[in-house]
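K.L.:
Turn this into a structure:
(4 chains, ligands or ions: 2)
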Amino acid sequence: MERHILGYKCRGCGHVWYPNRAVCQDCRGTEFEPVPLPKTGKLLTFTVLHNLAVDFEVPSLTLGIVELSNGNRITGHLKIDQPKIGMKVTGKVEPVRQVGYHTSYGMVFYKG
Amino acid sequence: MERHILGYKCRGCGHVWYPNRAVCQDCRGTEFEPVPLPKTGKLLTFTVLHNLAVDFEVPSLTLGIVELSNGNRITGHLKIDQPKIGMKVTGKVEPVRQVGYHTSYGMVFYKG
Amino acid sequence: MRDVYVIGIGITSFSRLEYPLVEIAAYPAVMAMKDCGLSKVDHLFVANMGASRLNHQTGLASALVDHLSLTPVGAETIENGPASGASAIKAGWMAVASGLHDTVMVVGAERMREANNLETTDFVASLTHPLAEQIYGVTLPSLAGMFTRLYMEKYGVTSRHLAMVAIKNHNNAMLNKFAHLHEPITLEGILDSDDALTNNPMVADPLRFYDMCPVSDGGACVILACAEVAKKVKRPLIRLAGVGQATDTHCVHERKEPTDLLAVRGAAAQSFKMAGIKPSDVQVAELHDAFTILEIAESEEVGFFKKGQGHIALEEGYTSLTGKLPINPSGGLKAKGHPVGATGVGQAHEIVTQLRGEAGERQVKNARVGFTVNFGGFGNNVVALTFIKEK
Amino acid sequence: MRDVYVIGIGITSFSRLEYPLVEIAAYPAVMAMKDCGLSKVDHLFVANMGASRLNHQTGLASALVDHLSLTPVGAETIENGPASGASAIKAGWMAVASGLHDTVMVVGAERMREANNLETTDFVASLTHPLAEQIYGVTLPSLAGMFTRLYMEKYGVTSRHLAMVAIKNHNNAMLNKFAHLHEPITLEGILDSDDALTNNPMVADPLRFYDMCPVSDGGACVILACAEVAKKVKRPLIRLAGVGQATDTHCVHERKEPTDLLAVRGAAAQSFKMAGIKPSDVQVAELHDAFTILEIAESEEVGFFKKGQGHIALEEGYTSLTGKLPINPSGGLKAKGHPVGATGVGQAHEIVTQLRGEAGERQVKNARVGFTVNFGGFGNNVVALTFIKEK
Ligand SMILES: [Zn+2]
Ligand SMILES: [Zn+2]
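P.N.:
Ligands and ions are numbered 1, 2, ... in the order given. From the prediction side, this is the model:
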């Protein structure tokens, strides 16, 4: 089954929030329904990070913020050689961090 | 060389504090000189503790508070089979805790 | 200084909660906003002790203020060990009393059971003196054990009295759906039967398993407001009438009379003085019974009973739910649970519930004056609050 | 609301300190008491972020209040990430302004270098959103890197401008004996020479090593008092005239304009409004330059310069020690150091030193109005303070 990152759609006003919040910023509603976020978008900014937390066993990580096609934004990993602000990207949900026995899944973006 | 636990003697009023403090409770002086604490005293209270922090590799520890011959009080380990409130005890400075490579020395009291 | 009222309250179950800390904090906050009908407040204080070490999270107040969509209002996390909750309420009181803010939300939250028991014990033991206590493996239960032994010697308290505190508070918790333990216990089971030492083993001699509170996750919230806002809200008027705080030596061994809890005495006296009442005016109290002995000792230090007489009052049923002065109707830390940073806010939640007359089966009749003691470290930083229901 | 004054100040070196955290906290406290001649205060607030995780200590305020022999006065620890210091000052201001206390001691203290660099990075990263940032390995430097890239793209800031911030602040720190770094740097060495990439490697592209503050131990203290006490003390009268705070989204990606720091803007506006001044009245400022870009961005958000013009002012020497508005005369976080919980108190220490005219070689001439920005998380909880010297 394809994995998704979930946004949270306010039952009051329909706004989709990511990550989740307990109260809607727009209408103060408190009920939300999980909806899968789209996976395509454009790159807003990025960095190549060389000082990593101890559980990352790679020399560097490329991190970026992407604006998805529905307008939500998300922080994720980039697997792109020469990232450029404004470029089109497509995400996959993949393992992004392993702490002890716990694997976190998150969005990894590729070119195009 | 014999190890000692240090008290801190206020240069203002002569009161000995244990552990150290930055300001004397009695005269508000801020200068102290380290002095070795005596090792004999009487047991004020004690407990046998069965739930220990992860770095203690013994099933239980006997902990007590001792009033030393100079009037200072100290918390320490007891190596005494049947401790009794009011009994006379004599301390030795020994390793009391090992966290990683770091060994802490403290007062271990014996009967008599 | 303006009068300060509790206008909204909320709480989670105190138990094991499988959701993120910020959500444990948000749940009672949303409940409290619904309780009073406010959707905005002027400031947020969060009480928490363990997020950084146990949950790998710092800046919890900043996370929560956004999670509740309360930005751009200010937010801070306040830590005073297991008394963080009442300290945060004190800060909220100060903000409203001063006129700086009209409404302040105070949330206590803790998620301890993510860590294992050894880690949690070690974490709580980080309250003790690093050089003169921690290096020996001193933990809070061991300090309580040494305290209890002296208390028994000096005042004639017995294991039976301690068990009676546990039984009373377990019974009260049976009537509280938010409580961690819903487990009736008997003197037979935990003290008198052949199995008692198996059911109820020694932990820090003379304290046994059932003399200790459980390790809990949980959150609680109170919303404080000035009179003008409080009167608009259609809830009973509960005034936070007294706020007291006092500190004592960090090392227990430095206390002249080791069976005295001077910080409890000082905090309570201040709180009563500000509220303009006497200890005998209190009709319901939540005391910090992380260990059974503490309920007895605190009931004396705050002035409900003479020093050394607390266990007699207990024996006589004076502090039972149907007694003259019910103590820990919620079940107390002993049975309601002890999510450290949330505990003080949880105590306030219970007292407000009682004074409002909304405590259901565990309601203390006609209670108009309530009181809490929240105990940081082993009594080295104590906050005492007095609540009065206005007509 | 009463006026509040800073009557006593103290500080340690910001560097690696080999003594226990409570002593790092006590040293500036004793210095501040000597500075103003008081031997007692009514309350203690401690600002700290890392004691529980990095130093295995909780209840730091309770430990300190006893170590300073100030018991039985109350004490709390306040955490707001790297803005803990200014948040604690805000709490102290509230306690004095409200009339609750006449004197409040505020101590910031941190001991970070006991842990190794990877642990410290991971610890500070616990400020980020656990589910939407932390799981990706997002750290504060990475957020700063992404912010810088956009800032460069949008406003024409270059690596050269960033290096100029570093050089200015390193130069200022040379004149401050308490500063962590006493290391003159040049454009040649960190940017232009063949060795520049070795001397000054990329950390979070486009941010390089010399764009980051060091990891420091350190402590600082201010004692706040009401006018009556302040006038008895024989020190210049420095009034804490403005206190502002604002919060923003936890996730940086949720901010509509990711190059805006709305919490800085909001906190500064509040602080100036309370003080009754305009940004152009400020004569000396300490801004939160944990990353070089932040000094530039904050100088715009608080209103010293138009958005996108901060780097031009920097280039023109406007913010140098001898410029029209010196920023970070102490060396800033960049070179004075950044013991997270102590930083905000250290900023206040510098401003009071400047307004008193006691800053020696780095004295800003005739400064009467000073200002600080203390930045929690990546700008999600910001506190801004305004100080005015009275005649
Ligand atoms: Zn909505
Ligand atoms: Zn002295």
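K.L.:
contacts, neighbours, all on C-alpha from now
P.N.:
OK.
K.L.:
Using CSV, write out every CA atom in whichever strand or helix holds C:Ala109.
P.N.:
Assigned by DSSP states H and E, C:Ala109 belongs to strand C:103-110. What follows is strand C:103-110, C-alpha atoms only, in CSV (Å, rounded to 0.1, in the frame of the first residue of the first chain):
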residue,chain,number,x,y,z
THR,C,103,-7.0,35.9,31.1
VAL,C,104,-4.2,33.4,31.5
MET,C,105,-4.2,29.7,30.6
VAL,C,106,-2.2,27.4,32.8
VAL,C,107,-1.6,23.9,31.5
GLY,C,108,0.3,21.1,33.3
ALA,C,109,1.4,18.1,31.2
GLU,C,110,3.8,15.2,31.5
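K.L.:
Show me what that strand is packed against.
P.N.:
In terms of contacts (3 or more CA pairs under 8 Å, 6 or more residues apart in numbering or on different chains; DSSP states H and E), strand C:103-110 is packed against helix C:21-36, strand C:43-47, helix C:84-97, strand C:218-226, helix C:340-356.
K.L.:
So what's the model's average confidence on that strand?
P.N.:
Rounded to a whole number, the mean pLDDT of strand C:103-110 is 98.
K.L.:
Paired strands for that strand, with orientation please.
P.N.:
Strand partners for strand C:103-110, identified by DSSP bridges, are recorded as strand C:43-47 (parallel), strand C:218-226 (antiparallel).
K.L.:
Dihedrals phi and psi, residue 59?
P.N.:
By default, I'm working from chain A. Main-chain torsions, A:Pro59, degrees, to the nearest 10: phi -70, psi -30.
K.L.:
should've been chain C
P.N.:
phi 60, psi 40.
K.L.:
How many residues are close by it?
P.N.:
30 (other CA atoms under 10 Å in any protein chain shown).
K.L.:
My understanding was that it contacts D:Ser84; is that so?
P.N.:
No - counting by CA atoms under 8 Å, C:Gly59 stays clear of D:Ser84, with 9.2 Å between them.
K.L.:
hey, what's in contact with both of these two?
P.N.:
Common neighbours of C:Gly59 and D:Ser84, using CA atoms under 8 Å, 6 or more residues apart in numbering or on different chains, are D:Gly376.
K.L.:
which non-adjacent residue is nearest A:Lys88?
P.N.:
In this structure, A:Lys88 finds its nearest non-sequential neighbour in A:Lys42, 4.5 Å apart by CA to CA, 6 or more residues apart in numbering or on different chains.
K.L.:
same deal with C:Ala63?
P.N.:
Closest residue in space to C:Ala63, ignoring its immediate chain neighbours: D:His250 at 5.7 Å, by CA to CA, 6+ apart.
K.L.:
Check whether the spatially most central residue of chain A sits in a helix, strand or coil.
P.N.:
Centroid-nearest residue in chain A, with CA atoms, centre = their mean: A:Ile74, separated by 3.6 Å. Secondary structure state of A:Ile74, per DSSP: H, G, I helix; E, B strand; the rest coil, is strand.
K.L.:
quick one: it and A:Ile65 touch, right?
P.N.:
Yes - with contact defined as CA under 8 Å, A:Ile74 reaches A:Ile65; the gap is 5.6 Å.
K.L.:
Give the residues shared as contacts by these two.
P.N.:
Shared contacts of A:Ile74 and A:Ile65, defined by CA under 8 Å, 6+ apart, comprise D:His253.
K.L.:
Retrieve the pLDDT associated with A:Tyr110.
P.N.:
98.
K.L.:
Where does chain A get nearest to chain C, which residue?
P.N.:
A:Arg21 (4.6 Å; CA to the nearest CA).
K.L.:
what's that residue in contact with, if anything?
P.N.:
A:8, C:66-69.
K.L.:
Keep these, but drop any that are not near chain D.
P.N.:
C:Asp66 (CA under 8 Å from any CA of the partner chain).
K.L.:
angle of the strand holding C:Ala109 against helix C:84-97?
P.N.:
170 degrees (axes from the mean of the first three to the mean of the last three CA atoms, to 10 degrees).
K.L.:
what sits up against the longest strand along chain A?
P.N.:
Secondary structure of chain A per DSSP state E: the longest strand is strand A:88-99. Applying CA under 8 Å, 6+ apart, the external contacts of strand A:88-99 come out as A:3-5, A:39-43, A:55-56, A:77, A:103-112, D:135-137.
K.L.:
let's go with 7 Å and repeat that
P.N.:
By CA atoms under 7 Å, 6 or more residues apart in numbering or on different chains, the residues outside strand A:88-99 that reach it are A:3-4, A:39-43, A:55, A:103-112, D:135-136.
K.L.:
With stretch C:172-188 instead?
P.N.:
With contacts defined as CA under 7 Å, 6+ apart, stretch C:172-188 is touched by C:12-15, C:163, C:167, C:170-171, C:329-331, C:335-337, C:361-362.
K.L.:
By neighbours, which of those residues wins?
P.N.:
C:Ser330 leads the contacts of stretch C:172-188 on contacts (other CA under 10 Å) with 35 neighbours.
K.L.:
My read is that it contacts C:Gly337, right?
P.N.:
No - look at C:Ser330 against C:Gly337 with CA atoms under 7 Å: they stay out of range, at 9.6 Å.
K.L.:
ranges for the strands of chain A?
P.N.:
Using DSSP E, the strands of chain A run over A:6-10, A:16-17, A:32-36, A:40-49, A:61-68, A:73-78, A:88-99, A:102-111.
K.L.:
Please save the CA atoms from the third one in PDB.
P.N.:
The C-alpha trace of strand A:32-36 is given here as PDB (Å, rounded to 0.1, in the frame of the first residue of the first chain):
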ATOM      1  CA  PHE A  32     -10.400  17.500  11.900                       C
ATOM      2  CA  GLU A  33     -10.300  14.700   9.500                       C
ATOM      3  CA  PRO A  34      -7.100  13.200   8.200                       C
ATOM      4  CA  VAL A  35      -6.500  13.600   4.500                       C
ATOM      5  CA  PRO A  36      -3.500  12.500   2.400                       C
END
